[in-house]
Structures are given as structure tokens and as C-alpha cells.
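Engineer: Whatever this is, show me its structure:
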Amino acid sequence: MIKNYKQVTGRYLKANKKRTIITIIGIVLSVALIATIGLFFKGTQDAQVENVMRTVGSYHLMFERANEDLVNKMKNDSRVSSSGIYTASDPIKVGDKISIQEIVASDKALELLPFNAKEGRLPENEKEVAVEKWALGYIDKSAEIGKNIKINGKDYTLVGVLENSSVTQMQNAATVLMKNNNINTEKANLLVKISSKVDLQKVTKELKKLRGRNKVEENNMLLMYQGAKKDYSTRGLYGAIFIVIGIVVISTIAVIYNSFQISVVERVKQFGLLRAVGTTKKQIRNMVLREATLVAIIAIPLGLLCGIIAVYSVGFVFSLIGGDSVLPTKLSISPIILLGSGAVGLFSIYASALIPANFAGKISPLVAISSRATISKEKVNRRKNKLVEKLFKFEGSLALKNIKRNRKRYRITVFSIVISVVLFISFKSLIDMSTNFRNELNESQNIHFKIYKSSEGLGDQDIKIDDLTLDNKIEDKIKDQSVVDKVYGEYRAYNFYGAIDDKLEVSDVKDIKDVYRKVNVNGQEKTVMDVSMSIYDNDALELTKNYLKSGSIDIEKLNQENGVIVINKNKVLRPELHKSYMGPLADLKVGDEISVQYKENQKVYDEKYKDNIEFGKGKVKKVKVMAIVDVPTFNLGSDVQHESEKALKVITSPDVMKKLSESKEIKPGYFNIKVKDANKDQLAMNDIEGAIKEDPSLRIINIIDENKREKSEVLMMEILVYSFIAVISLIGSVNIINTVTTNIILRKREFAALKSIGLTQKGLKKMVTLEGILYGITGAIYGSVLGCGLSYLLANQLMKSREFVWPVPWQAVVIASVSAILIGYISVLSPLSRIKKENLIEAIREDF
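Structural biologist: Residues are numbered from 1 along each chain as shown. Predicted structure coming up:
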């Protein structure tokens, strides 16, 4: 028995379980998404800090050659949370292959330095040592954790194996980590970590004044991520995230508003009866708002819980893929983010419930009881659409008239679809544009070892580029090893001047200094730019076919026609604007030709030719664009990335390079090796070393760990990205299904009347299905336009950190449009089956 009008609210929600559940699901998903975005954003920031601490160190300042007085000052300074000293020896020769560098650190310094044990642990006393994995075999072939090894004439217990570093392998100087708390401070470096309770930026400046500028080194990355230095790379990121959250909030409001508006329209007669027996306008409004409150009490905690579960679930998947050392986000729950997400959800619920609540409160009892409250004079379009009628017969013509007959219903339904389409397009395009800010995977991450020739033993004046190249006989020996799968030659880049027509200049690049230069060649003005040519062997060129954006690769044809493959994505730093440009440097198409002249001095940019480039006075040859790729198949060498950043990057073959540079022979500087089983890296390394042992100048670098970490990070980010897309898609689907389904159910009388005058069930199904599809098409058109507009707005925010060419999100538009039409079609099937079961006479007599 009902004793209070408030009890009606709970009973209604129970009686309409399906709609209540759909509404709750919509709110739960929206709140969970907002919470998850916030938690992951906070977690990513924390993870960046931890990653810098792990790879660079957790200190903020390093004082070179400290003294006793400075060390004591730091120990007793309340603004300093931790400080320690360490020494780094000069390279010490071990055998005839490698050198070692002894790092001796105090307790506190060990905590602040970026050394991590891959196996075992770090030293805890003066008799213990930890060594990089790659160097163990050179120091002691029988070395094992827990056993004694001899280093520099002294005995130590090996307690840990450090992670491999490609830098120390290239320098051929392995890190050997030791511990000692009695270090001579006059020869040591002092590491300082500033307390989190003080103003980091202010204290950093104050502590730096204690020593000369040249004797203090800042941990710039850590200071930047902790807010003590400007981080220009994230200037536009915050704006983009706020826009995305704003879109999610609007979509949440749309979902909830539609649900409450429909529930109010359905109960107009009930509200009229309640008004007739004495219920006030305020009480009717409160009933609707009470529904919103009950839904909020259930949905918001569930949404926050789902957000937390999502964070930990993704974190669990991340740990399975790559372990704790490669997590791109730290799993931490921030009460502020959870409260903020809950507040946003609560605001969305009440903001969307207010209009339906006011509408319910204004209902006249007599009008409502007679079921005329929701009946309005509708505009009937008497014009015939002959094309629609010809294609879809009478039902199609009726469907087209029906969707616009009730303007309010039409706008609500289309608005729901538009919101869903906009949400998907803007989010998907944001994710696609984020590829400009992260490294993309290529074949370099599948390489396990690198072979190169050391310059050790060669005098500085005697070293020539050819002295460091590798012979094909070495490649054959490596390929003969059973553990080896593939060997790719890596060549140095060759530098050219290249002349292109003015029309091929990229407008966004014109204001970047030193990319384009105007020269006069035979009375004609040409645009000249630097060209950096990388060389790929036949195996590498075959792999490049998997990365093609346009064109094709026929190695024979490429060699005959002086063919090149253009790399579209170029990163050019713009320090004056504190950002960089990412994109093509020339608007080249397949079939275009570039006039090139080999740089005899091989300098990328020679100041001597700044105003008058000697282009055209040397041998000018033409190369033809055979194909275009967005990213190189293999990472470009550091010489290309840094020295040639403003140069057009192209790929060619050794045969073409011989013709262009008129060189007798082109030899690789490295061999990149892919083994059959990366888990057996020590066995593979031993076999490869055996194959190259005849030449003592050859060195091998193990990059398995670094590449595994990089691949894991990219894979994790893709999982995170597609998880967000899945939730966004689900929210959009719930929104469309809820609106379209209820729209059909509320027209039961209308459909019953049509059937009573001769419309068959098949004809009704066709008409309603076409309505759903037409709603989907209309919503998709408006949503695509608005979605592209928001995508452009997001791009402008991101361009504050890095310039790039805004890509029109055609893929997202197609996916969203097709999905909207399909969901519009599927949404009408369930209510149609319910209407089919209705009694025709009862449906016509039904008041509402």
C-alpha cells in the first residue's frame, strides 16, 4: 500500500526495469569513462616521473667534484630529502675486447642513480658487485650470481646483473657497480633529491647558487615532469583532454535527458491523475528529480567502481605483456579525480532531469487525463518524393514523411545519433593524431643484435669512413649460423643537394628556417633543399613493401631508373617556438623527379654556402620517386635524425647510390641481426661471436631488452586506446538504441491505426526500418560535419606542442556513419516484435 507519493518513484523504476537499466548503464559507462581518463592521465604522469627516475635517476641536482662542506650542508638542509656521493673511474681495460667503468656509490647515491638489477640485486657492502649482462662473459666466462669474480685485481661477490645499455655497448665500456660509504668527497659527485614538501622550482634555483653554473647539472626531465620546468610538449594536451571530457559530459546529458523526457511523456496521464487528486506541481517535479537521485545513487558509485576496475584490469594486462618495468601508466587511485568524476556525473544527471521535471510539473490535469498533453498540430509535408517512392514504394514515402512530422521527436532522435557520431569521430581522430607524438613500431624493434667495427686502435687522424665498413664475407659467415634468421645491412646516409619546383613546397614548412633555399640555375629559380639518402639492401627493400603508402617497389626497375622511396613523416625542431613540425617536407607524388647533386664534403648544411649554394656546378643527376612511405622500415641512424633533420629523407639501393655518388663500392657500417629464438639470446650471442672472432675489431650489441621494452610500451598504449574506443562506441550505441527504441514504442496507437486500414506487418516493418535507417543517415551527416569540426579544434590544441598537417578523419567518419545506420536499423527490430504481439483493438483504444 502506498502511504506517500514519493513511493511512486521507486515503483515506477521497478516497473520499467529495461529503461531504468539502460539509463543506469549509460550513466555508469559515462562516469567510468571520465574517471578512467582522469586516472590514466594522472597515472601516466606518475609513470613518466618513475620512468625518468629509473632511466636517468631520481636526483634533481648533481654537483661535480663536491667538497666536505657542501656534502654536510646538503645532509643538514631540511629542503633536501636525500643526498649521496659517487665516483666514476676512467675506463679500465679488461682483456683485449672491452673496458669497464667502476661506479662506486654510497647507500643514498645507489637509490638516486639509474641502475636496476635485471637479475639478483644491487650491492649492499664493499665486497659485492653488480655488472651489465653483456659484459659478464668478457670479465669471467663462468660468472654466476653468488660466486666470486675478479675485477681489476680484486675479488668480489657477484650479487646482481644490470640491464644492458646500448650506449655502454657502443662505447665498449661496461658499467660495474660497487658500494662504499667511505668515498673521498673531493673527487666525488654529489647527488641531491629535493623534498616534495617545498617549492621545487624555487629551491632548485637557490641550491644551484651554492656552486658555479658549470659545476651543477640538473636532471631536466625529472624537473620538467614534476612541474619545476616548462614542459612545452604538453601545452596543447590539457586543452584536448578537456574538450574530450566536455564531449563525454554532453553525451551523458543527452543519454539521460532522452531517458527522462521519454519516461515523462509516457506517464503524462499518470501525472494528470496525481494532479487531479491533489498533488502539487512541486511534488510532481520532485518525483522526477527523485528518480534522478535514485538513479544517481546507483549509477555513480558503480561508474566509479567500473573506472577503478578498468584501470586495474588494464594494468594487469600490461604486467602480463611487459612486466612492471615497462608500464606506461602507474596504477594509483586519486580521491580528487574520483570526486571530480562523481561531481561531473551528478551535474550531468540533474542538468538533464530538470527540463523533463519542469515539463511534468506544468501538466494540466484535464488535458493530461484526456491524453492531449503530448498531442500537437504536426506539419504534414504533402509533396511527394518520387525517387524515394520509386525505390521503396509507399512505405518509403510514408517513412520519409514520418521522421519529420513531429519536429521535437525528430530533433531528439537525430540529436542522440549526432552526439554518438561526434563522440566517436572526435575521440578516434584524437587517438590517430596522437601518433605524431609517439614512436611508431617498425622492423627495428624486431632486430636482436647489431654488429659494428670498433675504431679502437685507429688514430684519430687515420680514421676514414671506409675503415669502419663491414665486408660481405662477414655477413655470409653470420648467415651460416643456425640461430640466425635474417641479416640486414645498415649503411651510412649520403647527403645531396636536391632541387624541386616551387609548387612542391609545403606551405607549413616555408617559414621554417634553412629548409628551402632559392638558387638560380641556368637562369631559372629553383628551390633547393638538403636530401639525406639512406640505403637498404634487397632484403630490407622487400620488407619496405609492407609499409607502402603509395607506389610500388620493383628492385630491378628501381635500379634502372635511379629510383628512390620518399619518407613522408619528418620531425623538424623549432626551438624558437618551443615545438616541432611533423610531416612531409615536399609535396612529392609517385613519378615525380628530383634533381640531385652529391655533396663532396658530405656536410649536411655548410655555412659557407648559406647565401649561394653551389648547386648546378657539380654533376646534377635525376632520381625518380617510385614509392612513398610514412615511416622508414628501419630507424634512421642518429646522424640522419639530428644532423639531417631539415633534409628530405629518401631510401634507395646500393646500386643506385653507386651511380649517384660515383663510388666504386658501397659497404654497410652495421649488420642488423634477427635470430630465430630471442629467448636464447646468450646462445645466439655466443654463436655469432664465434663467427666473427677472426676480426678482433668487430663488436656485438645485444638490443633484445630495449626492443622488447619498446614493443611492449606501444602494444600497451594500443590496448589502452582501443579500450577507450570500445567504451565510447558502447555509450554511443546505448544512446541510439534507447532513443530509437522508445520512439517506436510510444507510437503503438499510430501503428495499430495504420494496420487497421490495411498496412501489413511486412509493410509496417519496412516503413519503421526505413525510418531507423533514415534517422541514422541524417544523424551521421550532421555528426560527421560536427565531428570533423571538433577534430580540427583538437588538432589546433595539439599543434601548440607539435605542428603537423591535420588529417581529415575519413576512416572515423565512415566507421561512425555505417555504425549509426546499422544501429538505427537494429534498434527498431526489438520494439517491432513487441508491437507485432499487441492486440490491434487494445492498442488503438490505449490512451498512453
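Engineer: got the buried residues for the host helix or strand of Val167?
Structural biologist: Assigning secondary structure by DSSP states H and E places Val167 in helix 166-171. Residues Thr168, Gln169 are the ones in helix 166-171 that count as buried (16 or more other Cβ atoms under 10 Å). The C-beta positions use only the backbone N, C-alpha and C, and glycine is treated the same way.
Engineer: just stretch 74-91 next, same as before
Structural biologist: Neighbour-count burial for stretch 74-91, with 16+ other Cβ under 10 Å as criterion, is recorded at Met74, Asp77, Arg79, Val80, Ser82, Ser83, Gly84, Ile85, Tyr86, Thr87.
Engineer: distance of the third one from Lys229?
Structural biologist: As judged by Cβ to Cβ, to the nearest Å, Arg79 and Lys229 stand 18 Å apart.
Engineer: packing partners for the helix or strand encompassing Arg834?
Structural biologist: Arg834 belongs to helix 810-837 when assigned by DSSP H and E. Packing partners of helix 810-837 (3 or more Cβ pairs under 8 Å, 6 or more residues apart in numbering; DSSP states H and E): helix 407-433, helix 704-745, helix 761-798.
Engineer: Give me the secondary structure label for Ile628.
Structural biologist: The assignment at Ile628 comes out as strand when based on DSSP: H, G, I helix; E, B strand; the rest coil.
Engineer: Now that it has come up, it's in contact with Tyr547, right?
Structural biologist: No: with contacts counted by Cβ atoms under 8 Å, Ile628 stays clear of Tyr547, the gap being 9.9 Å.
Engineer: coming back round to it: check which residues of the helix holding Arg834 are buried.
Structural biologist: Counting neighbours by 16+ other Cβ under 10 Å, one finds that the buried residues in helix 810-837 are 812-813, 815-817, 819-821, 823-828, 831-832, 835.
Engineer: per-domain residue ranges of this protein.
Structural biologist: Listed by automatic domain parsing, the domain ranges of the chain are 1-56+236-375, 57-218, 377-440+705-848, 448-489+671-702, 492-666.
Engineer: Show me what the mean pLDDT comes to for the shortest one.
Structural biologist: The reference is to domain 448-489+671-702. Average pLDDT, domain 448-489+671-702: 81.
Engineer: swap in stretch 633-647?
Structural biologist: For stretch 633-647, the mean pLDDT works out to 67.
Engineer: for stretch 311-330, same thing?
Structural biologist: On average, stretch 311-330 scores 65.
Engineer: For Ile728, give me its contacts.
Structural biologist: For Ile728, the contacting residues are Leu33, Leu423, Phe424, Phe427, Lys428, taking Cβ atoms under 8 Å, 6 or more residues apart in numbering as the criterion.
Engineer: From Leu832, how far off is the closest residue to the last one other than its chain neighbours?
Structural biologist: Distances taken as Cβ to Cβ, 6 or more residues apart in numbering place Ala812 nearest to Lys428, at 3.9 Å, with adjacent residues excluded. For Ala812, the distance to Leu832 equals 30 Å [Cβ to Cβ].
Engineer: Next: Lys599.
Structural biologist: As defined by Cβ to Cβ, Lys599 lies at a distance of 73 Å from Leu832.
Engineer: what do you get for Ser89?
Structural biologist: When Ser89 is compared with Leu832 (using Cβ to Cβ), they lie 81 Å apart.
Engineer: Check Val740 too.
Structural biologist: As defined by Cβ to Cβ, Val740 lies at a distance of 11 Å from Leu832.
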